[in-house]
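Novice: build me a model:
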Amino acid sequence: MIHLKKDHEIAAMRLAGGVSSTVLREAAAFVQPGISTLEIDQYAGERISHYGGKSAFLGYRNYPCQICISVNEEVVHGLASGRCVQFGDIISLDVGVRYDGYIGDNATTVAVGGCDPAVQRMMEVTEKSLYEGLGQALPGNKVVDISRAIQSCVEASGYSIVREFVGHGVGKKVHEDPQIANFDDGSRRSPVLKPGMTLAIEPMVNLGQRHVEVLEDDWTVVTRDGLPSAHYEHTILVTDGEPEILTCPENLPSEPRES
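Specialist: Presented below is the predicted three-dimensional model:
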């Protein structure tokens with residue numbers, strides 16, 4: 001069941017989006033060659049607490065980290081460890097914050113000091129596909145319109161879309177209805193978009209083939225061919241007109257409070 005958010009819920013989600021987007025930006029700026037993913041995770045956790053939030057991921061289905069950190073061929077759900085990132089790596093950071101009972105969920109991919117131009121291009125296309133998709137989050141459209149826009153952008157540039165993991169509704173829970181595939185899955189019953197829907201749109205794009213697998217830690221998803229992957233995400237609100245991006249620093253609460 002898709003829950004249409006009321007005004008007070010939307011206001012709370014703006015605050016959660018403000019905290020999560022600010023922490024994401026700060027964590028991305030914290031990344032540098034030689035730093036460990038554990039240090040990044042601890043820093044992000046400290047910043048979440050600083051703003052009065054709690055990690056939406058820590059403990060969710062027993063996930064052990066504050067944020068998801070995925071390096072190079074790791075697609076999503078990477079685990080923090082003593083691994084140090086090096087110049088030329090790319091690192092995807094996925095930050096979910098619970099604030100005042102609601103969740104803001106967003107992700108970005110950054111190059112550690114720079115990266116191969118072909119990989120940089122893939123990152124740019126992935127981010128572009130996110131905005132192509134959210135541009136279709138209009139009342140009266142269907143979820144599949146978002147999916148098609150992402151797929152068209154990615155495949156026109158010669159990259160592959162991960163199909164096993166998708167975007168989703170978000171609110172009081174990390175995952176709510178509907179699911180938002182990043183490709184047209186052929187479903188004839190795609191939900192109609194209505195004002196009050198809050199969605200986490202998140203394309204995951206591979207430089208090589210689309211196929212992925214989960215490592216023995218039961219969390220980390222990697223590309224089967226070992227080539228890099230990129231991940232971008234925003235939480236958005238479907239309105240009466242253009243969609244509103246909720247995960248933006250402008251929504252950061254002026255006076256943080258306990259979640």
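
Novice: list the buried residues in the top helix by length along the chain.
Specialist: Among the segments of the chain that qualify as a helix by DSSP state H, the longest is helix 7-30. Within helix 7-30, the residues scored as buried using 16 or more other CB atoms under 10 Å are 9-10, 12-28. Yep, even glycine has a C-beta here, placed from its N, CA and C like the rest.

Novice: which other helices and strands does that helix contact?
Specialist: helix 37-50, strand 90-99, strand 102-111, strand 234-237 (3 or more CB pairs under 8 Å, 6 or more residues apart in numbering; DSSP states H and E).

Novice: now do 10 Å
Specialist: In terms of contacts (3 or more CB pairs under 10 Å, 6 or more residues apart in numbering; DSSP states H and E), helix 7-30 is packed against helix 37-50, strand 54-55, strand 90-99, strand 102-111, strand 198-201, strand 234-237, strand 244-245.

Novice: quick one: the strands in the stretch 151-259 of the chain?
Specialist: With DSSP state E, counting those that start in this stretch, the ranges of strands along the stretch 151-259 of the chain come out as 160-161, 167-169, 176-180, 198-201, 204-206, 212-214, 221-223, 229-231, 234-237, 244-245.

Novice: of these, which is nearest Y51?
Specialist: Evaluated over these, closeness to Y51 peaks at strand 234-237, with 16.0 Å, by CB to CB.

Novice: so for the closest one, what's the average pLDDT?
Specialist: For strand 234-237, mean pLDDT is 98.

Novice: what of stretch 148-155?
Specialist: 98.

Novice: CA atoms only for it, dumped as PDB, please.
Specialist: Output of stretch 148-155 as PDB, limited to C-alpha atoms (Å, rounded to 0.1, in the frame of the first residue of the first chain):
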ATOM      1  CA  ARG A 148      12.100   4.400 -18.700                       C
ATOM      2  CA  ALA A 149      13.700   7.800 -18.400                       C
ATOM      3  CA  ILE A 150      16.600   6.300 -16.400                       C
ATOM      4  CA  GLN A 151      17.000   3.300 -18.700                       C
ATOM      5  CA  SER A 152      17.000   5.400 -21.800                       C
ATOM      6  CA  CYS A 153      19.600   7.800 -20.500                       C
ATOM      7  CA  VAL A 154      21.900   5.000 -19.300                       C
ATOM      8  CA  GLU A 155      21.700   2.600 -22.200                       C
END
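
Novice: if we can go back for a sec, can you redo the helices and strands packed on helix 7-30 as CSV with distance to E74?
Specialist: Below are the helices and strands packed on helix 7-30 laid out as CSV (distance: least, CB to CB, whole Å):
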stretch, distance to E74
helix 37-50, 10
strand 54-55, 19
strand 90-99, 7
strand 102-111, 11
strand 198-201, 19
strand 234-237, 21
strand 244-245, 26
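
Novice: K5 is nearest to which of those?
Specialist: K5 lies closest, by CB to CB, to one member of these: strand 198-201, at 5.5 Å.

Novice: mind listing the strands that closest one pairs with, and their directions?
Specialist: strand 167-169 (antiparallel), strand 234-237 (antiparallel) (DSSP bridges).
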